[in-house]
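Colleague: Okay, here's the prediction I keep looking at, along with the sequence it came from:
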Amino acid sequence: MSELVIETHGLSKRYGDVVAVDNLDLAVRQGEVFGLLGPNGSGKTTTILMLLGLTEPTAGSVRVLGLDPARQPLSVKARVGYMPDEVGFYDELTARANLSYIARLNGLSREESARRIDEVLERMGLSAVADRPVATFSHGMRRRLGVADVLLKQPQLIIMDEPTQGLDPEGARGFLRIIHSLKEEGITVLLSSHLLHQVQAVCDRVGLFRHGRMELVGTVTELAQRVLGSAYRIRLQAEGPVSTLTEALQQLPGVVDVQHQGDSRYQVSATSDLRAEAARAVVSAGGRLLGLDVEAPSLDNIYARYFEEVEHGAEA
Amino acid sequence: MAPKLKDTGRQRAREGSPWTGLWVVVAKEMADHLTSVRMRILEVLIVLTAAGTVYAAIRNLQETVGQDPFLLMKLFTTAQEPLPAFVGFLGFLIPLIAIALAFDSVNGEFSRRTISRILAQPIYRDALLMGKFLAGLFTLALVLTAIWLLIIGAGIVGMGVPPSGEEVARSLWFLLASVFYGGIWLALAMVFSIVFRQPATAALASIAVWLFFIVFWEILVGMVAPILRPVQFNTAEEILAQAQLELALTRLSPNTLYSEVMLALLQPTVRSVGLVLPIQLHGAILGTPLPLHQSLLLIWPQFTGLIAATILLFALGYVLFQRREIRA
């Protein structure tokens, strides 16, 4: 399952003097959810448009599902579903009519498209409103219709640009569940976002973008270890002699730092989730363990820390 | 995407036909046009105009039925104060319909944010633009044909004289010319809809060009021709040269081309749409109608000019659209 679905080498795009994407080497494996993360204007959308052959690269090469999007755009676009950041529909047409247009553009037969349209509308929970004009739809419904639209062609790869933008927290969570179910079907998903904490849960690997460059790639844990050093913060409440407990915790392999935060509270920074080990250490050191909690590494922290450092480094 | 001209040494051809999905786009766009409120308004407008002018023409013609071999043509061209003839109205209405059909065709997709979703489907941009243009042209043809049939029907009922084969042939050519006259404005509005992001700007620009040709072009030509070809010694050559330049310049306007085509096709007695010197009329029997192929020959340059202008404007829009970045 490690076949590459997306592969770019030295991919660049310039608009006049502005470098939108700079020498990008991206590899996305089959079946994974890959997140392109970064602030607005960091080159995420441009990258996506180049992957679809909607914009020509200035330099470099792209392979999507083993095809060249510039030479074989029809084959690529028949296999790849794309949901733009602001997905638009023909407001005066019904949801079904909007999907039917897309089905016909994909060359589906009448029966096949009717069957698939019912299927995807059902799946996205839009069956009840299928024959209402899209103008009456809420933002969340439009997004779901966007997914229905993408699923219609039964893609091998789905590219979503800012899928959770503008959704309320509940809507966003629902959306992440949808992405998760796509992954379980074996569909590769590439998504872009600047809402780091939302996509953290759903992405297998992420690439952090900044000024058109992908500066960091890996799983969230890998990035945390690289950037934060100690990715996990374990909060622990235990009664007992402070010095003994601190020492016991510090001796655990993988612990970077132990801080006593007053009362009976400690914060342990570690490279992995050491809750079990920490509990054992406290107990065997004669302490009474009252509470234990772990704070997983957050992309927000990673991002903030990494680019803070980069910027400080550049200024210094 | 536009055909690429990079020297990568790789295979250059694009995969598949650029017209994949063309008829899907045409069908969708035509359905949109025919169900839109905009189109309803225009249909009502054109039907009212046709009814009014043709009714007036029939009343006028009833007295002379039997004297004129080209009664049907008269239906289109007879004016009765205060109404101008139906063809006079068409010169205004066709551009209006064409502009209304196309001014938001491309920027509308951008502002509705549907463009990237549509172009992410397995079709080329070519199919989208061509499909939109053809849908506009077919809609226009459909409306004009409907009006044409209504007028002929009204003529048969109102005057009780069936049209001759030649009359039908002439009016069919006239119909074709009207469609391409509309094609020019359709293509022009489409170019503006690619250039301007706001549909309102595109509509305004199209209407500005239309007004320019309808109102100001003749005035401008009347001012420019005497400057370029001044009449100093009042010789025949000088006067002729000025008149010829004036005529050539006015023919740059699609309105002039269309009205000349209209004149020659619907009034078989018209023998020339340009300057005629007395010597050229030697031996001609004035007032006798020309056969259809002679009338066609007379305005063939104007006719092809209308088609050529449509194609050129569409080609311009095509190039602009291929170069347009999808990213809004």
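Modeller: Okay, I see it.
Colleague: Setting aside sequence neighbours, what's the nearest residue to residue 288?
Modeller: Went with chain A since none was named. residue A:239 (4.4 Å; C-beta to C-beta, 6 or more residues apart in numbering or on different chains). C-beta here means a position set from N, CA and C on the backbone, and glycine is covered the same way.
Colleague: Chain B, not that one
Modeller: Nearest non-adjacent residue to residue B:288 (C-beta to C-beta, 6+ apart): residue B:269, at 6.8 Å.
Colleague: Assign a three-state SS to the one you found, would you?
Modeller: Of the three states, residue B:269 takes coil according to DSSP: H, G, I helix; E, B strand; the rest coil.
Colleague: Secondary structure class of the single nearest residue of the stretch 201-328 of chain B relative to chain A, three-state.
Modeller: Nearest to chain A, among the residues of the stretch 201-328 of chain B, is residue B:326, at 4.9 Å (C-beta to the nearest C-beta). Using three-state DSSP, the three-state assignment for residue B:326 comes out as coil.
Colleague: any idea how far residue A:70 is from it?
Modeller: 14 Å (C-beta to C-beta, to the nearest Å).
Colleague: Check residue B:119 too.
Modeller: 14 Å.
Colleague: Looking at the two, which is more packed in?
Modeller: More crowded of residue B:119 and residue A:70, by other C-beta atoms under 10 Å in any protein chain shown: residue B:119, with 25 against 20.
Colleague: Residue A:177: neighbouring residues, count only.
Modeller: Neighbour tally, residue A:177, other C-beta under 10 Å: 12.
Colleague: what is the mean pLDDT for the helix or strand where it lies?
Modeller: Assigned by DSSP states H and E, residue A:177 belongs to helix A:169-184. The average of the pLDDT scores along helix A:169-184 is 90.
Colleague: in the stretch 1-150 of chain B, what spans have low per-residue confidence?
Modeller: Along the stretch 1-150 of chain B, the parts satisfying pLDDT under 70 run over B:1-12, B:65-66.
Colleague: where along it do the helices fall?
Modeller: B:22-35, B:37-61, B:71-77, B:86-102, B:107-111, B:115-119, B:125-159 (DSSP state H, counting those that start in this stretch).
Colleague: Tell me which of the ones you listed lies nearest to residue B:246.
Modeller: For these, the distance to residue B:246 is smallest for helix B:86-102, at 19.8 Å, taking C-beta to C-beta.
Colleague: Now that closest one: buried residues?
Modeller: The neighbour-count check on helix B:86-102 (16 or more other C-beta atoms under 10 Å in any protein chain shown) flags B:86-91, B:93-102 as buried.
Colleague: Likewise for stretch A:86-95?
Modeller: Applying 16+ other C-beta under 10 Å to stretch A:86-95 flags A:87-90, A:93-95 as buried.
Colleague: Would you pull up how far it lies from the middle of the chain?
Modeller: Computed by C-alpha atoms, centre = their mean, to the nearest Å, the chain-centroid distance of stretch A:86-95 equals 26 Å.
Colleague: residues contacting whatever residue of the stretch 101-250 of chain B ends up closest to chain A?
Modeller: Nearest residue of the stretch 101-250 of chain B to chain A (C-beta to the nearest C-beta) works out as residue B:113 at 2.9 Å. With contact set as C-beta atoms under 8 Å, 6 or more residues apart in numbering or on different chains, residue B:113 has these partners: A:84, A:86-88, B:328.
Colleague: how near is it to residue B:160?
Modeller: 57 Å.
Colleague: domains of chain A?
Modeller: As assigned by automatic domain parsing, chain A contains the domains A:4-218, A:232-295.
Colleague: now, of the ones you listed, which is deepest in the fold?
Modeller: domain A:4-218 (a mean of 19; mean count of other C-beta atoms under 10 Å in any protein chain shown).
Colleague: Doesn't residue A:9 lie inside a helix?
Modeller: No: per three-state DSSP, residue A:9 lies outside any helix segment and is strand.
Colleague: Does it touch residue A:27 like I think?
Modeller: No: the criterion here is C-beta atoms under 8 Å, and residue A:9 misses it with residue A:27 at 9.4 Å.
Colleague: Nearest to the spatial middle of chain A, which residue is it?
Modeller: The centroid of chain A falls nearest to residue A:35 when counting by C-alpha atoms, centre = their mean (3.3 Å).
Colleague: got a pLDDT number for it?
Modeller: Residue A:35 is given a pLDDT of 93.
Colleague: For the closest residue to chain B within the stretch 1-150 of chain A, what are phi and psi?
Modeller: Residue nearest to chain B within the stretch 1-150 of chain A: residue A:88 (2.9 Å; C-beta to the nearest C-beta). The phi/psi pair for residue A:88 (degrees, to the nearest 10) reads phi -110, psi 150.
Colleague: can I assume it is in contact with residue B:117?
Modeller: Yes: contact criterion C-beta under 8 Å: residue A:88 and residue B:117 qualify, at 6.6 Å.
Colleague: what's the distance between the nearest residue to residue A:242 once chain neighbours are set aside and chain B?
Modeller: What sits nearest to residue A:242 in space, not counting adjacent residues and going by C-beta to C-beta, 6+ apart, is residue A:260, at 5.5 Å. Going from residue A:260 to chain B by C-beta to the nearest C-beta, to the nearest Å gives 53 Å.
Colleague: And what about residue B:295, helix, strand or coil?
Modeller: Applying three-state DSSP: residue B:295 is helix.
Colleague: And the strands in chain A, which stretches?
Modeller: A:4-15, A:18-29, A:33-37, A:59-64, A:80-83, A:157-161, A:188-193, A:205-210, A:213-218, A:232-239, A:255-260, A:265-270, A:288-295 (DSSP state E).
Colleague: In JSON lines, list those along with distance to residue A:125.
Modeller: Formatted as JSON lines, the strands of chain A follow (distance: least, C-beta to C-beta, whole Å):
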{"stretch": "strand A:4-15", "distance to residue A:125": "28"}
{"stretch": "strand A:18-29", "distance to residue A:125": "29"}
{"stretch": "strand A:33-37", "distance to residue A:125": "22"}
{"stretch": "strand A:59-64", "distance to residue A:125": "30"}
{"stretch": "strand A:80-83", "distance to residue A:125": "17"}
{"stretch": "strand A:157-161", "distance to residue A:125": "18"}
{"stretch": "strand A:188-193", "distance to residue A:125": "20"}
{"stretch": "strand A:205-210", "distance to residue A:125": "28"}
{"stretch": "strand A:213-218", "distance to residue A:125": "35"}
{"stretch": "strand A:232-239", "distance to residue A:125": "37"}
{"stretch": "strand A:255-260", "distance to residue A:125": "46"}
{"stretch": "strand A:265-270", "distance to residue A:125": "42"}
{"stretch": "strand A:288-295", "distance to residue A:125": "34"}
